[in-house]
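Participant: got a structure for you, letters missing:
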């Protein structure tokens, strides 16, 4: 099984990562619910952080692999870039939330879940990358742009 042809284009993954960053900013700006208005499921917010940041880190990982020849094969350099970038944006997200009414922000456990999402992406992104269309599957002169 292969993903659709457009998914082999690095611009698709960079655009996805940019959209992920914009959505992160929007989600961090939403005022939290009033206390007691929603059922509280312990740890659910940490799972949401992990899943959301794993998605962003996957997009970043794949964008780098498609864009730069030195990252065609995952290695420690790419892992450091993905985890560090995710950790920085996770910290900025927590800082941003500290200015949003009814949001706690600066939660070290939320940030830890964000970073854990980056580590999940280090496992998941290569598997997604393997599903991308290969250049030899395209007719001549129709290979996806890098």
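Facilitator: It's in. Small disclaimer: the values here were computed from a predicted structure and weren't measured. Residues are numbered from 1 along each chain as shown.

Participant: low-confidence ranges in this protein?
Facilitator: 32-39, 135-146 (pLDDT under 70).

Participant: which residues of the protein fall in helices?
Facilitator: Taking DSSP state H, the helices of the chain run over residues 10-29, 44-67, 76-97, 108-129.

Participant: next one: the last one to chain centre, how far?
Facilitator: If I follow you right, that is helix 108-129. 8 Å (C-alpha atoms, centre = their mean, to the nearest Å).

Participant: and it with helix 76-97, angle?
Facilitator: 140 degrees (axes from the mean of the first three to the mean of the last three C-alpha atoms, to 10 degrees).

Participant: isn't residue 116 up against residue 51?
Facilitator: No: in this structure, residue 116 sits apart from residue 51 without contact. The criterion is C-beta atoms under 8 Å, and the distance is 10.2 Å. C-betas here are computed from N, CA, C, even on glycine.

Participant: what about residue 56, distance to residue 83?
Facilitator: When C-beta to C-beta, to the nearest Å is the yardstick, residue 56 and residue 83 sit 12 Å from each other.

Participant: who has more neighbours, the two?
Facilitator: It is residue 56, of residue 56 and residue 83, that has more neighbours when counted by other C-beta atoms under 10 Å, with 25 against 18.

Participant: show me what contacts residue 96?
Facilitator: Shown here is residue 96, whose contacts under the criterion C-beta atoms under 8 Å, 6 or more residues apart in numbering are 25, 28, 29, 105.

Participant: ok, the closest residue to the last one other than its chain neighbours - contacts?
Facilitator: What it means is residue 105. In space, residue 105 comes closest to residue 98 once its chain neighbours are excluded; the distance is 2.9 Å by C-beta to C-beta, 6 or more residues apart in numbering. With contacts defined as C-beta under 8 Å, 6+ apart, the neighbours of residue 98 are 104, 105, 106.
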